[in-house]
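[1] Kindly return the folded structure for what I paste below:
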Amino acid sequence: MKEEFGTHSLSVAVKDIKVSKVFYETLGFQALDGLGSVEDKWLIMIKDEVKTGLFQDMFEEKGPCHFCIADPDSNQILFDQHND
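    Here you go, the predicted model:
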């Protein structure tokens, strides 16, 4: 039985939004128009069906369910369930 968990995104707290944007673009992601900007220090990027949020100096996301973990370099990663 397949469970439906809704739409999910991965959000990453980054130290330099410009550097992070270039990095994710090399992986094939593209910034979504109208959803953040380098100047605003946050972006939503997409590759196929995968959405990744990049957030510099902020981490205010709330959804029906979310949790944060840290990667080996102590970067915070937010897993967030939301409704589209």
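[2] How many neighbouring residues does the residue nearest to Trp42 when sequence neighbours are not counted have?
    Closest residue to Trp42 apart from its sequence neighbours, by CB to CB, 6 or more residues apart in numbering: Gly36 at 4.1 Å. Using the backbone N, CA and C atoms, a C-beta is placed for each residue, glycine as well. Gly36 sits with 18 neighbouring residues when counted by other CB atoms under 10 Å.
[3] send the alpha carbons of whichever helix or strand Gly36 is part of over as CSV?
    Here Gly36, judged by DSSP states H and E, is contained in strand 30-37. Extracted in CSV, the C-alpha atoms of strand 30-37 (Å, rounded to 0.1, in the frame of the first residue of the first chain):
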residue,chain,number,x,y,z
GLN,A,30,16.9,26.2,-12.3
ALA,A,31,15.6,29.1,-10.1
LEU,A,32,11.8,29.4,-10.3
ASP,A,33,10.7,32.8,-11.4
GLY,A,34,8.9,34.8,-8.7
LEU,A,35,10.0,32.6,-5.8
GLY,A,36,12.8,34.5,-4.2
SER,A,37,16.0,36.1,-5.6
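[4] Contacts for that strand, please.
    Contact with strand 30-37 is made by 21, 42-47, 51, 53-54, as judged by CB atoms under 8 Å, 6 or more residues apart in numbering.
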